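sequence-free structure coming up:
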Ligand SMILES: NC(=O)c1ccc[n+]([C@@H]2O[C@H](COP(=O)([O-])OP(=O)(O)OC[C@H]3O[C@@H](n4cnc5c(N)ncnc54)[C@H](O)[C@@H]3O)[C@@H](O)[C@H]2O)c1
Ligand SMILES: O=C(O)C[C@H](O)C(=O)O
């Protein structure tokens, strides 16, 4: 924890909630916030710093005045970009957010070339690819947050159906963070009990569909943007695992290099996180049907990458 610095670029709903969460967990010595909305980011930094002081946390929180305030970050989280609104898919954000991401990466390259980068902006997997490509950083150094969120949503829907098991549900979701993500019921348990011993196949299918639509459900209700409490908490777990070299295994969006039979494409898979970032990719045993669904999801990410390659890079 000593002398660990976290940068958050994009201090809207997810970024500010993440800053608040990290400041209260006290897992880093300083947090630096950067956004194009200068007054807003200053207000956020003041408010979050004051709440950290109320909580007697030793984490300091500041707004970046200049890009060089990002110097020496151990981890930088990128949430800069626009969220979708009702009627939009995450993929509709592709070119707008890629442009924003590139400008952010240009600064990180100069001031924090050794930072581990966690991308949150959507469409997530394509943004991780864009961050890797524009930064030229090692593939271990750049990853995306989505799998922890999608798994938490699956746990929520399992709990909703069962009515018991709160805090004891382990769910697993792989693939791209899009409409064809791949929930894995056979790798999900309640206090170690297999899901199919607790729920019928039909109930499990309903949970899978609800999980895939979990983000959209909130977008429709909010009307002005997308979820942020669960995304921020999920990101804080990744930051913590990296800062504390915890070697925790979480589903994260990473560049595949032969794992699961794919190369040069990004998708969500279980990853060991430590101070070097992505320290290991774990290969789960998938059924033939899950392999087919994963291939489908990877294809969707690949088609976004193809658009970036043709129209952006
Ligand atoms: N990966 C996931 O699971 C996940 C979950 C939630 C949200 N998201 C995505 O995260 C992104 C942010 O969501 P949000 O709800 O916080 O949106 P938001 O609109 O509340 O915040 C985005 C912030 O980015 C800032 N910004 C824009 N351009 C910038 C730039 N060049 N430099 C610095 N800051 C810049 C904006 O000023 C704004 O404060 C969206 O793309 C959303 O789709 C992803
Ligand atoms: O749904 C969205 O657009 C935001 C995010 O990807 C989510 O899943 O909550």
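Perfect, thanks for sending it. This structure is a prediction, so every number in the text was calculated from the model and none was measured. Ligands and ions are numbered 1, 2, ... in the order given.

which is the next helix or strand following the longest strand anywhere in the chain?
In the chain, assigned by DSSP state E, the strand with the most residues is strand 263-274. From strand 263-274 onward toward the C-terminus, using DSSP states H and E, the following helix or strand is strand 277-281.

list the strands paired with that following strand, with their directions.
strand 263-274 (antiparallel) (DSSP bridges).

can you tell if the strand it pairs with touches ligand 2?
No: applying CB under 6 Å from any ligand atom, one finds strand 263-274 out of contact with ligand 2, separated by at least 11.8 Å. Any C-beta I mention is one placed from the backbone N, CA and C, and that applies to glycine too.

and the chain, what are its domains?
Listed by automatic domain parsing, the domain ranges of the chain are 5-144, 147-311.

quick revisit: list the buried residues of the longest strand of the chain.
Applying a neighbour-count criterion of 16 or more other CB atoms under 10 Å, one finds 265-274 buried in strand 263-274.

which one of those is nearest ligand 2?
Of all the buried residues of strand 263-274, residue 268 has the smallest distance to ligand 2: 11.8 Å, by CB to the nearest ligand atom.

excluding its backbone neighbours, what's nearest the residue of the stretch 1-150 of the chain at minimum distance from ligand 1?
Minimum separation of the stretch 1-150 of the chain from ligand 1 (CB to the nearest ligand atom) falls at residue 12, amounting to 1.8 Å. With sequence-adjacent residues excluded and distances taken as CB to CB, 6 or more residues apart in numbering, residue 12 is closest to residue 79, at 6.7 Å.

and that neighbour, how many residues sit next to it?
Using other CB atoms under 10 Å, residue 79 has 29 other residues around it.

how about residue 62?
That count, for residue 62 with other CB under 10 Å as the rule, works out to 17.

tell me which residues in the longest helix along the chain are buried?
Longest helix in the chain by number of residues (criterion: DSSP state H): helix 288-311. Buried residues in helix 288-311, defined by neighbour count with 16+ other CB under 10 Å: 290, 293-294, 297-298, 300-302, 304-305, 308.

quickly check: that helix near ligand 1 or not.
No: counting by CB under 6 Å from any ligand atom, ligand 1 is not contacted by helix 288-311; separation bottoms out at 13.0 Å.

between that helix and strand 263-274, how many degrees?
With axes from the mean of the first three to the mean of the last three CA atoms, to 10 degrees applied, the angle from helix 288-311 to strand 263-274 works out at 110 degrees.

quick revisit: list the contacts of the residue nearest to residue 12.
Counting by CB atoms under 8 Å, 6 or more residues apart in numbering, residue 79 makes contact with 8-12, 14-15, 18, 120-121.

wait, what's in contact with the spatially most central residue of the chain?
Among the residues of the chain, residue 145 comes closest to the average C-alpha position under CA atoms, centre = their mean, at 1.3 Å. Taking CB under 8 Å, 6+ apart, we find residue 145 in contact with 118-120, 124, 231, 234-235, 238, 252-253.

still on that earlier bit, mean neighbour count, the domains of the chain: which tops it?
Comparing the domains of the chain by mean neighbour count (mean count of other CB atoms under 10 Å), domain 5-144 ranks first with a mean of 20.

could you tell me the end-to-end distance of that domain?
For domain 5-144, the first-to-last residue distance is 19 Å (CA to CA, to the nearest Å).

can you classify the nearest residue to residue 305 once chain neighbours are set aside by secondary structure?
Nearest residue to residue 305, sequence neighbours excluded (CB to CB, 6+ apart): residue 129, at 5.2 Å. For residue 129, the assignment made with DSSP: H, G, I helix; E, B strand; the rest coil gives helix.

separation between residue 129 and residue 245?
Distance of residue 129 to residue 245, computed by CB to CB, to the nearest Å: 26 Å.

swap in residue 227?
Using CB to CB, we find residue 227 at a distance of 29 Å from residue 245.

so how far is stretch 220-236 from its chain's centroid?
Distance of stretch 220-236 from the chain centroid (CA atoms, centre = their mean, to the nearest Å) equals 11 Å.

can you redo the buried residues of helix 288-311 as a markdown table with pLDDT and distance to residue 45?
Listed next are these as a markdown table, based on pLDDT from 0 to 100; distance: CB to CB, whole Å:
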| residue | pLDDT | distance to residue 45 |
| --- | --- | --- |
| 290 | 98 | 44 |
| 293 | 98 | 43 |
| 294 | 98 | 41 |
| 297 | 98 | 38 |
| 298 | 98 | 39 |
| 300 | 98 | 37 |
| 301 | 98 | 34 |
| 302 | 98 | 39 |
| 304 | 98 | 33 |
| 305 | 98 | 35 |
| 308 | 98 | 33 |
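
can you redo these as a markdown table with distance to residue 183?
Shown next, in a markdown table, are those (distance: CB to CB, whole Å):
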| residue | distance to residue 183 |
| --- | --- |
| 290 | 10 |
| 293 | 9 |
| 294 | 11 |
| 297 | 11 |
| 298 | 16 |
| 300 | 15 |
| 301 | 17 |
| 302 | 21 |
| 304 | 21 |
| 305 | 23 |
| 308 | 27 |
